[in-house]
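Have a look; sequence and predicted model below, questions after that.
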Amino acid sequence: MTVRLLVSDVDGTLVDNDKKLTPATVAAVQRVRDAGIAFTIISARPKSGIMPIVGTLALDRPVAAFNGGYVFTADGRELFHETIDPHVARGALALAEGLAVDVWVFADDRWYASTAEGGHVGHERIASNQEPVVRSEFADLAARADKITFVSDDPQVLADLHARIDRAHAGAATVAQSQTYYLDVTALAANKGDGVTRLAEAFGVALDDTAAIGDQNNDRPMLARVALPIVMGNAPEAMRDGAAHVTRGNDRDGVAHAIDTIILARGNTE
């Protein structure tokens, strides 16, 4: 295949564990673009959290937020936007009532949270590039919510909640973990499989000529769609097992390593 487009996840992939772009990664992205290969990003982050990455990498083509539910250009032009079905949003929030989870709702490019405390709030401040608006009720946001995130360091709590939401709203939403401690609910069309397809179409590139790199379960649909899927070395073991291409971890410049040893090493000739 000829790689004409590389699509990268952000957290756990493109940025390190401090949510920062390293100089090695920035330089590698420029190398891949200099080789004539388009580069873009897709993330569970909101638009506010993607724009600093866009600026640092000088991306001038379409990018995707909310796992592909919101596709837009660097100058703010909206290409696609689908929010969660309000019935699903209300139902998911109701199913989480009484559970030991923090609730985050993203709507109107704002981050609403049940608390400003907790071990993951600091990282989300960086990822979202904003401060949370703390409130105890979220029902009024259901009609325009882009993403609902349930936060817990107890894997069983999130697994049980995931199963309950699936049973109640099967086929009406995308429910996936973007990190081991985050359970995300987004619109049905807001999944990285459909998202990478929209990005490829926006670039005028076939999926057969597209590579993608990611680290978490919500990246699986994207990796399954493209011709050259690459899994990060810090990905869960279940994702790394059987993967054709595994690069270094995100704290070892895994994207830069993949660009140099997998993408550019293939050559880019017909």
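Okay, I see it.

Now tell me what touches stretch 170-183 from outside.
Under the contact criterion Cβ atoms under 8 Å, 6 or more residues apart in numbering, stretch 170-183 has outside partners 11-12, 44, 67, 84-85, 87-88, 92, 101, 120, 149-153, 155, 158, 161-162, 165-166, 169, 184-191, 216-218, 236. Heads up, the C-betas are built off the backbone N, CA and C, glycines and all.

Now do the buried residues in that stretch.
Applying a neighbour-count criterion of 16 or more other Cβ atoms under 10 Å, one finds Ala173, Thr174, Val175, Ala176, Gln177, Ser178, Gln179, Tyr181, Tyr182, Leu183 buried in stretch 170-183.

do stretch 19-26 as well
Lys19, Leu21, Thr22, Thr25.

do stretch 55-71 as well
For stretch 55-71, by 16+ other Cβ under 10 Å, it's Leu57, Leu59, Pro62, Val63, Ala64, Ala65, Phe66, Asn67, Gly68, Gly69, Tyr70, Val71.

ok so, going back, out of the contacts of stretch 170-183, which are buried?
11-12, 44, 67, 84-85, 88, 92, 101, 120, 149-152, 158, 161-162, 165, 169, 184-191, 216-218.

Just the ones in strands from the residues you listed, please.
Judged by DSSP state E, the subset of the buried ones among the contacts of stretch 170-183 located in strands is Thr149, Phe150, Val151, Asp184, Val185, Thr186, Ala187.

ok, the fourth one touching Pro46?
So that's Asp184. No - using Cβ atoms under 8 Å, Asp184 makes no contact with Pro46, being 11.7 Å away.

now, among the buried residues of stretch 19-26, which is nearest to Ala256?
Thr25 (5.0 Å; Cβ to Cβ).

any idea which element the closest one lies in?
helix 23-34 (DSSP states H and E).

Strands along the protein, start to end?
5-8, 38-41, 63-65, 70-72, 78-81, 102-107, 110-113, 133-134, 145-151, 173-179, 182-187, 210-214, 228-231.

and Trp104, how far is that from Ser178?
In this structure, Trp104 and Ser178 are 11 Å apart, going by Cβ to Cβ, to the nearest Å.

hey, what's in contact with both of the two?
Thr149.

Show me the beta-bridge partners of Gln177.
Taking DSSP bridges, one obtains Leu183 as the residues bridged to Gln177.

Now do it, the pLDDT please.
Per-residue confidence (pLDDT) for Gln177: 86.

Have a look at this structure and report the helix or strand with the lowest mean pLDDT.
strand 173-179 (a mean of 89; mean pLDDT, DSSP states H and E).

Run the chain-centre distance for that strand.
From the chain centre to the centre of strand 173-179 is a distance of 10 Å (Cα atoms, centre = their mean, to the nearest Å).

Could you check the angle that strand makes with strand 182-187?
150 degrees (axes from the mean of the first three to the mean of the last three Cα atoms, to 10 degrees).

Okay, the closest residue in space to Val151 that isn't next to it in sequence and Asn67: tell me how far apart.
Distances taken as Cβ to Cβ, 6 or more residues apart in numbering place Asp102 nearest to Val151, at 4.1 Å, with adjacent residues excluded. As judged by Cβ to Cβ, Asp102 and Asn67 stand 20 Å apart.
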